[in-house]
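*Asks:* Sequence and predicted model, in that order:
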Amino acid sequence: MRFVTPESSHARPLPERWQRTRFRVTVAVALVTGAVVAVPQLHIVQESAPARVAVQTTTTLVGLLLTYLLYGRYLRRGRLDDLILAASFCLGACGSAALLVFLMADLEAYGISAWGPAIVQLAAALGTATAALASSRVLRVDRYAAIRLSALGCAVSVPVLVAVVGLLPQLERFAPGSSKGVTALPLFAGSLGLLVVLGTSVVTNATAAVGYGRKADSESDPFAQALCLAFIMGAFTRLNYVVSPSLYSDWISTADAFRLMLSGFILAAVVQEIRGYWDGVSETATLEERRRMARDLHDGLAQELAFISRRAGRQGGGDDAIRQIAAAADRALVESRRAIAALSMPLDERFDVVLARTAQDIAGRAGARVSMHVDPAVRVEREHAEALIRIVCEAVRNATRHGRADVIRLELLADEGLCLRVHDNGCGFPVAEQTARGQGFGLVGMQERAGAIGAAFRIDSHPATGTTVEVRVA
């Protein structure tokens with residue numbers, strides 16, 4: 001069972017931590033970009049058709065992989081922003097593939113312009129910015145039909161754009177000082193049209209980074225966080241291409257190193273999405289099995305215990321043995337209902353919510369009231385959660401059954417680790433005398449459960465002052 005505390009999740013990092021990561025990545029790549037701009041020796045390009053094809057092939061394959069996963073994400077969630085992003089990356093992958101063909105076939109020698117791939121990739125960049133700002137609402141349409149339509153539109157747009165821009169003049173590029181070896185370039189050596197295309201891509205990537213950063217924080221979505229980092233890297237990659245525009249040529253520059261790093265960030269997003277998918281599959285299977293067990297318990301064990309309790313209660317009369325059987329059946333029925341509720345609850349339900357509901361359910365049967373205080377900074381490990389809930393159940397049951405308490409206070413504090421405290425206003429009992437004549441099974445069970453998770457267990461109680469049960473996990 002996975003529990004989530006009010007301000008944290010064991011399966012996901014904290015949003016504050018994500019914000020620090022984004023800030024550090026932004027500062028790091030900004031410093032490197034600044035160094036590239038400030039040092040003339042870094043304004044270099046080198047003619048290498050194989051290296052250019054290798055870089056382009058890598059980014060094309062990574063883009064196609066992410067496109068496939070994004071369409072799968074849309075199938076699972078059906079959200080508008082997922083569909084727009086998937087279509088945008090599909091269009092970008094088509095443009096990247098078209099550019100790869102342009103480079104490998106040297107189509108420029110035949111007078112075919114590189115404006116086609118450039119405009120396709122620019123349209124894809126505008127689409128990613130739109131997806132980052134789009135609504136997260138679920139579309140009420142056939143998801144498979146929407147995928148087929150968007151993929152067809154992206155596929156058709158590429159040859160159409162290439163045909164249209166074939167009427168345009170060549171996409172003018174920088175003019176290197178020499179045709180061989182390493183060549184130093186002045187800043188912003190590209191033509192105005194090329195700089196406009198690349199500059200617009202910088203703005204769209206920055207917009208997408210901001211949009212997905214907000215989505216990551218508001219939805220606690222690790223995949224959105226990974227996309228945000230990728231778009232940050234994408235913005236600085238395009239900025240480096242503005243400084244030394246070598247994207248639509250056989251020349252490579254420092255910007256291509258940024259582009260390979262961008263592929264690494266996209267692969268990180270891919271890994272995050274795959275991991276999230278398998279976690280979701282595993283959690284769904286676990287939840288279905290838990291619900292099946294809950295149904296079996298409800299239809300079998302709980303019904304039989306309820307039958308025993310009713311028959312024993314009606315026929316017990318003055319027979320102490322039958323009354324004890326009825327009482328035991330009632331306690332077992334309460335335990336079975338608690339188990340059914342625990343098996344039926346969502347896997348990612350907050351720990352404090354589960355704890356409060358379970359304690360109130362037990363106390364409410366005896367007419368007692370439960371109040372609860374939770375420290376926002378508290379963290380509860382998954383392997384500790386079940387033991388802590390069991391301890392609280394036993395403490396509340398003892399308080400109402402033996403101590404006749406009507407008010408119980410639960411405290412969950414971040415005090416040098418984790419401190420769980422259960423205090424009641426019952427009649428209390430002398431702990432020393434109880435220990436001397438042997439603790440009851442309930443007290444022994446609480447102590448053993450605490451010891452099993454490496455926690456310190458303490459009971460403080462005196463007659464007429466109530467009882468305090470405290471568990472500390474370092």
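*Replies:* Cool, the structure landed. Numbering: from 1, shown residues only.
*Asks:* contacts, neighbours, all on C-alpha from now
*Replies:* Fine.
*Asks:* Beyond the worst-scoring helix or strand of the chain on mean pLDDT, next helix or strand please.
*Replies:* Least confident helix or strand, the chain: helix 431-436 with a mean of 61, by mean pLDDT, DSSP states H and E. Note on helix 431-436: by DSSP states H and E, the next helix or strand toward the C-terminus is helix 441-452.
*Asks:* Next SSE downstream of that next one?
*Replies:* The helix or strand immediately downstream of helix 441-452 is strand 456-462, counting by DSSP H and E.
*Asks:* what does the model give residue 438 for pLDDT?
*Replies:* At residue 438, the model reports a pLDDT of 50.
*Asks:* ignore the last one, residue 109
*Replies:* In this model, residue 109 is scored at 48, pLDDT.
*Asks:* and what of the one 4 residues further on?
*Replies:* Looking at residue 113, its pLDDT stands at 61.
*Asks:* swap in residue 82?
*Replies:* 92.
*Asks:* so who does it touch?
*Replies:* Applying C-alpha atoms under 8 Å, 6 or more residues apart in numbering to residue 82 gives the contacts 70-71, 73-74, 131.
*Asks:* Can you tell me which of these has the most neighbours?
*Replies:* Tallying neighbours with other C-alpha atoms under 10 Å puts residue 71 at the head of these, with 25 neighbours.
*Asks:* burial measure for the residue lying closest to that residue once chain neighbours are set aside, as a count.
*Replies:* Distances taken as C-alpha to C-alpha, 6 or more residues apart in numbering put residue 86 closest to residue 71, at 5.6 Å, once the chain neighbours are dropped. Neighbour count of residue 86, defined by other C-alpha under 10 Å: 28.
*Asks:* Relative to residue 300, how far out is residue 86?
*Replies:* According to C-alpha to C-alpha, to the nearest Å, residue 86 and residue 300 sit 48 Å apart.
*Asks:* picking up where we left off before, wait, isn't the residue nearest to residue 71 in contact with residue 70?
*Replies:* Yes - with contact defined as C-alpha atoms under 8 Å, residue 86 reaches residue 70; the gap is 5.0 Å.
*Asks:* wait, which of the contacts of residue 82 is closest to residue 467?
*Replies:* Ranked by distance to residue 467 (C-alpha to C-alpha), the contacts of residue 82 are led by residue 73 at 51.7 Å.
*Asks:* ok now do the nearest residue to residue 121 once chain neighbours are set aside, which residues does it touch?
*Replies:* Excluding the flanking residues, the one nearest residue 121 by C-alpha to C-alpha, 6+ apart is residue 92, at 5.0 Å. Neighbouring residues of residue 92 by C-alpha under 8 Å, 6+ apart: 63, 120-121, 123-125.
*Asks:* which stretches of the stretch 301-450 of the chain form helices?
*Replies:* 303-315, 320-344, 351-365, 382-401, 431-436, 441-452 (DSSP state H, counting those that start in this stretch).
*Asks:* With distance to residue 423 added, can I get those in TSV?
*Replies:* Formatted as TSV, these follow (distance: least, C-alpha to C-alpha, whole Å):
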stretch	distance to residue 423
helix 303-315	31
helix 320-344	21
helix 351-365	12
helix 382-401	9
helix 431-436	15
helix 441-452	15
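*Asks:* rank the ones you listed by mean pLDDT and give me the bottom one.
*Replies:* Among the helices of the stretch 301-450 of the chain, helix 431-436 scores lowest, at a mean of 61.
*Asks:* about what we covered before: checking the residue nearest to residue 71 next. Helix, strand or coil?
*Replies:* Put simply, residue 86 is helix when judged by DSSP: H, G, I helix; E, B strand; the rest coil.
*Asks:* could you check the distance from it over to residue 389?
*Replies:* 43 Å.
*Asks:* ok, now residue 473?
*Replies:* Distance of residue 473 to residue 389, computed by C-alpha to C-alpha: 14 Å.
*Asks:* Then residue 396?
*Replies:* The value you get for residue 396 to residue 389, if C-alpha to C-alpha is used, is 11 Å.
*Asks:* before we move on, back to that, dump the contacts of residue 92 into CSV; add distance to residue 376 and secondary structure as well.
*Replies:* Listed next are these as CSV, based on distance: C-alpha to C-alpha, whole Å; DSSP: H, G, I helix; E, B strand; the rest coil:
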residue, distance to residue 376, secondary structure
63, 40, helix
120, 48, helix
121, 45, helix
123, 45, helix
124, 42, helix
125, 40, helix
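*Asks:* Return the member of the residues you listed nearest to residue 34.
*Replies:* For those, the minimum distance to residue 34 (C-alpha to C-alpha) is 23.5 Å, reached by residue 125.
*Asks:* what would the contacts of residue 82 look like in TSV with distance to residue 239 and pLDDT?
*Replies:* Putting the contacts of residue 82 into TSV (distance: C-alpha to C-alpha, whole Å; pLDDT from 0 to 100) gives the following:
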residue	distance to residue 239	pLDDT
70	26	90
71	29	91
73	30	89
74	30	92
131	21	93
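*Asks:* So which of the residues you listed sit within strands?
*Replies:* Within these, no residue falls in strands by DSSP state E.
*Asks:* and of the residues you listed, the nearest to residue 468?
*Replies:* residue 73 (49.1 Å).
*Asks:* Next up, the contacts around that closest one.
*Replies:* Contacts for residue 73 (C-alpha under 8 Å, 6+ apart) come out as residue 82.
*Asks:* What segments of the stretch 201-350 of the chain are strands?
*Replies:* Here the stretch 201-350 of the chain has its strands, by DSSP state E, counting those that start in this stretch, at 251-253.
*Asks:* low-scoring stretches of it, by residue?
*Replies:* 245-248, 314-318, 338, 341-342, 344-349 (pLDDT under 70).
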